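J.: got a sequence here, can you build the structure:
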Amino acid sequence: MQTKKRTFLDAQWRKLIMINYAVDPEKLKKHLPFETELDLWNGTCYVSLIGFMFVDTKMLGLRIPFHINFEEINLRFYVKYKDTEGYKRGVVFIKEIVPQPALTFVANMLYNENYETMKTRHSWEEKDDTLTVEYGWKKGEWYTIKVVTDKTPVDIKPESEEEFITEHFWGYTKINDRVTSEYEVAHPRWQIYPIKSHEVNVDFEKVYGSDFAFLQHEKPVSVYLAEGSEILVKQGRKIKIKK
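T.: Numbering: from 1, shown residues only. Coordinates of the predicted model:
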């Protein structure tokens, strides 16, 4: 019987730009955490570039000054882990960019995540019939992702690509070749805004390293703007070789 996990973080994730690339699975295998497998949708392996806002953030129930509302930009791919009760579907982060050094310190030192501190910014702008959302981060120069959408969100269709991208409820981190960190992320089903246009201004090699330089020449297979919701991140556990 599994013990109930304590809530480590609760917040809102809002206005998530999700830019999705179809990639060769071989390019990701060296980044797979121990005991996880790549999770494909209709035979396609995805990497996603995502920007969003943390809103009303609390750690262990406490609001930390200057760490309540902030941007995050991450690059992630999709995995599954076979537990005793079946497969859990999760994500692995290549890098998570946030503006506060304390966030990076806690995430990297305590949870072995791949956070990096950079200056960030965002804008949300509503006009007569459109919503424009943009996230930026600075590594030498400013990089941005931007979408223009309809103002009214729609439901996500069952068994769709949108459902696959938005509904992976576990996080997995490679500690070393024999240990993986696992944690649960809980949130309700999201809605998405129909996309009118998008822009990607990123130097993938400079920001994410030579392993992901190939994305510079790839075109996204899909782009979403999800409204998001309240979320809970549960305290995690380690997956190790069984003795």
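J.: tell me which element the closest residue to Lys157 other than its chain neighbours is part of?
T.: Nearest residue to Lys157 in three dimensions, chain neighbours excluded: Glu163, at 6.9 Å (C-beta to C-beta, 6 or more residues apart in numbering). (Glycine included, C-beta is placed from N, CA and C.) Using DSSP states H and E, Glu163 sits within helix 161-166.
J.: centre of the chain to that helix, how far?
T.: Offset of helix 161-166 from its chain centre (C-alpha atoms, centre = their mean, to the nearest Å): 12 Å.
J.: parallel or antiparallel, list what pairs with the helix or strand following that helix.
T.: Next helix or strand after helix 161-166 toward the C-terminus (DSSP H and E): strand 170-176. Strand 170-176 has the following strand partners under DSSP bridges: strand 86-98 (parallel), strand 179-186 (antiparallel).
J.: helices or strands up against the helix or strand hosting Arg76?
T.: Secondary structure from DSSP H and E places Arg76 in strand 70-83. Judged by 3 or more C-beta pairs under 8 Å, 6 or more residues apart in numbering; DSSP states H and E, strand 70-83 is in contact with strand 36-38, strand 45-59, strand 86-98, strand 119-126, strand 130-139, strand 170-176.
J.: in a markdown table, list the ones you listed along with distance to Asp10 and mean pLDDT.
T.: Output for the helices and strands packed on strand 70-83, formatted as a markdown table (distance: least, C-beta to C-beta, whole Å; pLDDT from 0 to 100):
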| stretch | distance to Asp10 | mean pLDDT |
| --- | --- | --- |
| strand 36-38 | 26 | 97 |
| strand 45-59 | 5 | 92 |
| strand 86-98 | 17 | 96 |
| strand 119-126 | 21 | 98 |
| strand 130-139 | 22 | 98 |
| strand 170-176 | 15 | 94 |
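J.: can you put those in TSV and add distance to Phe212 and mean neighbour count?
T.: Listed next are the helices and strands packed on strand 70-83 as TSV, based on distance: least, C-beta to C-beta, whole Å; neighbours: other C-beta atoms under 10 Å:
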stretch	distance to Phe212	mean neighbour count
strand 36-38	16	17
strand 45-59	8	20
strand 86-98	7	18
strand 119-126	19	14
strand 130-139	14	19
strand 170-176	16	18
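J.: pull the longest strand from the chain.
T.: In the chain, ranked by residue count with DSSP state E as the criterion, the top strand is strand 7-23.
J.: quick revisit: what does the helix holding Glu163 rub up against?
T.: For helix 161-166, the surrounding residues in contact (C-beta atoms under 8 Å, 6 or more residues apart in numbering) are 18, 20, 41-42, 46, 48, 78, 156-157, 190, 192, 222, 224, 226.
J.: let's see it at 7 Å
T.: With contact meaning C-beta atoms under 7 Å, 6 or more residues apart in numbering, helix 161-166 is reached by Met18, Asn20, Trp41, Tyr46, Ser48, Ile156, Lys157, Trp190, Ile192, Ser222, Tyr224, Ala226.
J.: where in the chain is the helix or strand with the lowest mean pLDDT?
T.: helix 101-111 (a mean of 71; mean pLDDT, DSSP states H and E).
J.: give the next helix or strand downstream of that one.
T.: Next helix or strand after helix 101-111 toward the C-terminus (DSSP H and E): strand 115-117.
J.: partner strands of that following strand, parallel or antiparallel?
T.: strand 86-98 (parallel).
J.: shaky segments in this protein?
T.: 1-4, 60-62, 65-66, 105, 108-111, 243 (pLDDT under 70).
J.: good, wrapping up.
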